[in-house]
Each structure stands twice: as structure tokens, then as C-alpha cells.
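Student: predicted structure and sequence below. I'll ask about it afterward.
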Amino acid sequence: MDFNEQYLTYAEYRALGGTLTETSFNILEYEARKQIDLRTQNRLKNVLEIPKEVKLCDFHLINRIEYYTNNLNNSGGTIASESIDGYSVSYSSSAQISELIRSKNYELQDIMLNDLFGVIVNGTHLIFNGVE
């Protein structure tokens, strides 16, 4: 599968200290890029040179998406805690999973606001949604 129009290349990701395999990176970068596109209302489409702030935002999003993906995969109907001596097992509840998803959405929005606030591309603020 070909991943085109990435905001952050795998080589740039590795140079920033990323540790994912290229396949995992491509999948998570696509998800991070879609989050950025949603928040910026596609203002980066057809931009020839992606600003460094966007590249760093993409890097931060990839790391957090990986974190939440691993936690969601590990919490869906699996053991949340276990005690050996008294043998007690508890499983993740749907409330815990819902809270994890809410935390993910909030944190991704916060990353984009912090990383992209004030960034101007083609004369327009990336996360500007109001009236001048």
C-alpha cells in the first residue's frame, strides 16, 4: 500500500527519535494526518512545503495515538487487574474504555491547539475557525 502526501516522512520521524516500524508509522501517520486535516479544515491540502510545526504536531499525535491504541487494545474485555493471594480478577468496564476514548480525543485536540496555534499557511491561520 502506498502512503502519499504524508506531513511527516518516516525518515523525519526516525530523526526525531521515533521507534515504530515503517508499517506501523504509516498507519498511525495516516490517522494523525486525518486528525490534523479535520481540525484545520483541510487547509494543508496541496501545500507544497509542510511547516515544521505541522511536522512536530504529526510526530506528537503519532506517539499519543500509539499510546491510546495500545491501551484500548489491551483493555477491551481483558483483565484490568489481578490479585494472586486472594485470587481476584477484574476486567475493564465499558465506562473505563469510554473514559480512555474521551481522554484520547481531548489530548489530541490539546496537542493540535498547542502545536498549531498561530501557524499561518497561505495567509490563513491553520486552526482559525471564526470571522476576522
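Tutor: Yep, it's here.
Student: please, where are all the helices along this structure?
Tutor: For the chain, helices defined by DSSP state H occupy the ranges 10-15, 22-39, 52-75, 94-116.
Student: could I get those helices in JSON lines, plus columns for mean neighbour count?
Tutor: For every residue, glycine as well, the C-beta is placed using N, CA and C. Formatted as JSON lines, those follow (neighbours: other CB atoms under 10 Å):
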{"stretch": "helix 10-15", "mean neighbour count": "15"}
{"stretch": "helix 22-39", "mean neighbour count": "18"}
{"stretch": "helix 52-75", "mean neighbour count": "18"}
{"stretch": "helix 94-116", "mean neighbour count": "14"}
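Student: low-confidence ranges in the protein?
Tutor: 1, 74-93, 129-132 (pLDDT under 70).
Student: picking up where we left off before, make JSON lines out of the helices of the chain and add distance to Thr124.
Tutor: Converted to JSON lines, the helices of the chain look like this (distance: least, CB to CB, whole Å):
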{"stretch": "helix 10-15", "distance to Thr124": "24"}
{"stretch": "helix 22-39", "distance to Thr124": "14"}
{"stretch": "helix 52-75", "distance to Thr124": "13"}
{"stretch": "helix 94-116", "distance to Thr124": "12"}
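Student: for these, which one sits closest to Asn122?
Tutor: For those, the distance to Asn122 is smallest for helix 52-75, at 12.8 Å, taking CB to CB.
Student: which other helices and strands contact the closest one?
Tutor: Contact partners of helix 52-75 among helices and strands, from 3 or more CB pairs under 8 Å, 6 or more residues apart in numbering; DSSP states H and E: helix 10-15, helix 22-39, helix 94-116.
Student: let me have those in a markdown table, extended by distance to Arg64.
Tutor: Output for those, formatted as a markdown table (distance: least, CB to CB, whole Å):
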| stretch | distance to Arg64 |
| --- | --- |
| helix 10-15 | 14 |
| helix 22-39 | 9 |
| helix 94-116 | 6 |
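Student: how about the ones you listed, which one is nearest His125?
Tutor: With CB to CB as the yardstick, what comes closest out of those is helix 94-116 (8.6 Å).
Student: I appreciate the help and will end here.
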